[in-house]
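**Q** got a predicted structure here, sequence first:
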Amino acid sequence: MDPQADNNNTATAELLQTGAAFAPAVNIPDAFIKALEEGQEITAAHLATTAALDQPGAVISLPEHFKLHDLEAFLPQRRRARGKMTTAYVQPFADYTTAYAGPGAVVFVNADEMSATGVLDLGTVEKPGHAGNLAVLSPKKTAAYAALCSVNGQAKSQQALAEFFEDWGVLAAMTFANEQTPSITHAQALAAIRRITIESARKVDNEEKALSASRTAFESVAATSAEPIPTVISFVCQPYADLKPRNFMLRLSILTTGDKPALVLRIQNLETHIEQMGGELAGLVHDAMKGAMPVLLGSYAKAS
């Protein structure tokens, strides 16, 4: 036996007996342990996320305090096209949708809202898209139609309505008439609106009998003017860009309940006009698309 080995074993045994072979305990900070745990969690989450993306369901469960960071902004190109293009004109809408349409692209026309939406990445039944790349057609009311809508059904003063006739009488090719006068000039209509006379008459019949009594009251109010007051008005304008001009027939009524007369213009059959304009817009969009993709009546919203 090697004498040197015997000496080493003896020395080791002595150290074990005295406890000198044990190093002092080291206190590891909690922050260091937490950092190690977080690092392991991040690594595990990365591996789980990468694996989930390759699965059909693409669902993963992560702790609530985890935050995912999208690195798309640092890539040379975006992963997929998404955005929203908006225009008030049919042709630019058609040009954009046909240029950037993906598989399964569809255009939805909402006739009630006078708008159209092209979902360019709707996808197919087998491979549905994210429906996040949109083109929106939102026609804007022309100045004449917007002015007409602003006075429709609203009580206006004589001054306000006279200014409306002055501003749009020529531009909107306005014509005036009433039941007695089939043709009233623009100047006559302005003069009649500016000067209106309210005439009121009250009649009371009273009858007394031995056992009964009766009383009847009649009151009449009439608005008159030196010139014929127009009650039927024609207003011709193009309601929206790309749509054809329309003839809106208006009815004028005079309210005599206040100290001053109030005048109200109402568009006749407005709902019919709205339906017809919606149908016209749908036809324009359909023709502009030239069969590049389906054009459907309705609206589309992606479910969450």
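**A** That came through fine.
**Q** contact partners of the helix or strand hosting residue 281?
**A** Following DSSP states H and E, one finds residue 281 within helix 270-289. Residues outside helix 270-289 that contact it (Cβ atoms under 8 Å, 6 or more residues apart in numbering): 90-91, 93-94, 97-98, 107, 109-112, 114, 116, 137, 139, 152, 239-240, 242-244, 246, 248, 267, 295, 297. No exception for glycine: its C-beta is placed from N, CA and C like everyone else's.
**Q** quick check: residue 98 is in a strand.
**A** No. Judged by DSSP: H, G, I helix; E, B strand; the rest coil, residue 98 forms no part of a strand; its state is helix.
**Q** contact partners for it?
**A** 289-290, 292-293.
**Q** ok, back up a step: now the helix holding residue 281 - C-alpha only, PDB.
**A** The C-alpha trace of helix 270-289 is given here as PDB (Å, rounded to 0.1, in the frame of the first residue of the first chain):
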ATOM      1  CA  LEU A 270     -88.200  60.800 -48.900                       C
ATOM      2  CA  GLU A 271     -88.100  57.100 -48.000                       C
ATOM      3  CA  THR A 272     -88.800  56.200 -51.700                       C
ATOM      4  CA  HIS A 273     -85.900  58.400 -52.800                       C
ATOM      5  CA  ILE A 274     -83.600  56.800 -50.300                       C
ATOM      6  CA  GLU A 275     -84.500  53.300 -51.500                       C
ATOM      7  CA  GLN A 276     -84.000  54.300 -55.100                       C
ATOM      8  CA  MET A 277     -80.600  56.000 -54.400                       C
ATOM      9  CA  GLY A 278     -79.400  52.900 -52.600                       C
ATOM     10  CA  GLY A 279     -80.400  50.700 -55.500                       C
ATOM     11  CA  GLU A 280     -78.700  53.100 -57.900                       C
ATOM     12  CA  LEU A 281     -75.500  52.900 -55.800                       C
ATOM     13  CA  ALA A 282     -75.600  49.100 -55.800                       C
ATOM     14  CA  GLY A 283     -75.900  49.100 -59.600                       C
ATOM     15  CA  LEU A 284     -73.000  51.500 -60.000                       C
ATOM     16  CA  VAL A 285     -70.700  49.400 -57.800                       C
ATOM     17  CA  HIS A 286     -71.700  46.200 -59.500                       C
ATOM     18  CA  ASP A 287     -71.000  47.600 -63.000                       C
ATOM     19  CA  ALA A 288     -67.700  49.100 -61.800                       C
ATOM     20  CA  MET A 289     -66.400  45.800 -60.500                       C
END
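**Q** what strands line up against whichever helix or strand comes after it, and which way round?
**A** Following helix 270-289 in sequence order, the next helix or strand is strand 295-297 (DSSP H and E). Strand 295-297 has the following sheet partners, assigned by DSSP bridges: strand 106-110 (parallel).
**Q** quick check: phi and psi on residue 188?
**A** Torsion angles at residue 188 (phi, psi; degrees, to the nearest 10) stand at phi -60, psi -40.
**Q** enumerate every residue touching it.
**A** 176, 227-228.
**Q** go on, residue 94?
**A** 285, 288-290, 292.
**Q** looking at those residues, which is nearest residue 43?
**A** Using Cβ to Cβ, residue 292 is the member of the contacts of residue 94 that lies nearest residue 43, at 48.1 Å.
**Q** relative to residue 155, how far out is the residue nearest to the closest one when sequence neighbours are not counted?
**A** Of all residues not flanking residue 292 in the chain, residue 98 sits nearest, at 4.5 Å (Cβ to Cβ, 6 or more residues apart in numbering). In this view, residue 98 and residue 155 are 48 Å apart by Cβ to Cβ, to the nearest Å.
**Q** can you check residue 275 too?
**A** Between residue 275 and residue 155 the computed distance is 27 Å (Cβ to Cβ).
**Q** so between these two, which is more surrounded?
**A** Here residue 275 and residue 155 are compared on neighbour count by other Cβ atoms under 10 Å; more neighbours surround residue 155, at 16 against 13.
**Q** what is the neighbour count of residue 297?
**A** 14.
**Q** what's the answer for residue 174, then?
**A** 20.
**Q** would you confirm that it contacts residue 232?
**A** No. If you go by Cβ atoms under 8 Å, residue 174 and residue 232 don't touch, sitting 11.2 Å apart.
**Q** distance of residue 290 relative to residue 80?
**A** Shown here: residue 290 relative to residue 80, a distance of 26 Å by Cβ to Cβ.
**Q** the two: which is more packed in?
**A** A direct count of neighbours by other Cβ under 10 Å for residue 290 and residue 80 places residue 80 higher, at 12 against 9.
**Q** kind regards, and thank you for your time.
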